[in-house]
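> From the sequence below, what's the structure:
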Amino acid sequence: MSDAISIAYPTGGHLYIVLRTSDDLFVSGTTPEPLDASHLAAYALAIPEVVAGTGQYSVPFPALAAGIYFGDVYSRSGGAPSWTDPAVADADFYWTGTAFYSPVASFGMDFRRSFLPARVGNRTSI
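Have a look, this model is predicted:
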């Protein structure tokens with residue numbers, strides 16, 4: 001199983017994430033494409049509540065090529081995703097093609113303390 005996008009949010013929410021590449025292409029399924037506002041339903045990856053009533057939401061990261069991805073999480077207000085839905089979180093994902101990349105795992109804890117700002121690394125949770 002691939003790594004998951006996880007978020008804590010009040011129970012009963014209808015969350016989705018829109019992913020885009022570092023080249024500002026929007027992810028439609030597993031294919032990045034230039035933004036087409038009419039494709040929001042294809043960009044919106046639902047993040048279901050893991051167990052009803054827990055406020056814990058999770059979805060596996062899609063099968064995408066290695067790279068840096070930016071995600072914006074929205075709370076769906078109506079029956080379908082809308083560009084006017086409120087954003088509730090955002091995150092950066094460093095993806096190897098099969099898992100989230102962590103400089104700490106690759107270079108060790110001393111590397112992180114010496115060279116990396118605290119917020120760089122494995123962002124599996126928002």
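
> Residue nearest the middle of the chain, spatially speaking?
The centre of the chain sits closest to residue 71, judged by C-alpha atoms, centre = their mean, with a distance of 4.4 Å.

> hang on, that one packs against residue 88?
No - the criterion here is C-beta atoms under 8 Å, and residue 71 misses it with residue 88 at 11.5 Å. Any C-beta I mention is one placed from the backbone N, CA and C, and that applies to glycine too.

> doesn't residue 41 fall inside a helix?
Yes - under DSSP: H, G, I helix; E, B strand; the rest coil, residue 41 sits within a helix.

> what about it, neighbour count?
A total of 11 residues lie near residue 41 under the criterion other C-beta atoms under 10 Å.

> next one: residue 7
20.

> And residue 80, by the same measure?
Residue 80 has 10 neighbours, counted by other C-beta under 10 Å.

> And it, how close does it get to residue 3?
In this structure, residue 80 and residue 3 are 27 Å apart, going by C-beta to C-beta, to the nearest Å.

> Which elements pack onto the helix or strand where residue 57 lies?
Secondary structure assignment for residue 57, by DSSP states H and E: strand 56-60. In terms of contacts (3 or more C-beta pairs under 8 Å, 6 or more residues apart in numbering; DSSP states H and E), strand 56-60 is packed against strand 4-8, strand 44-47.
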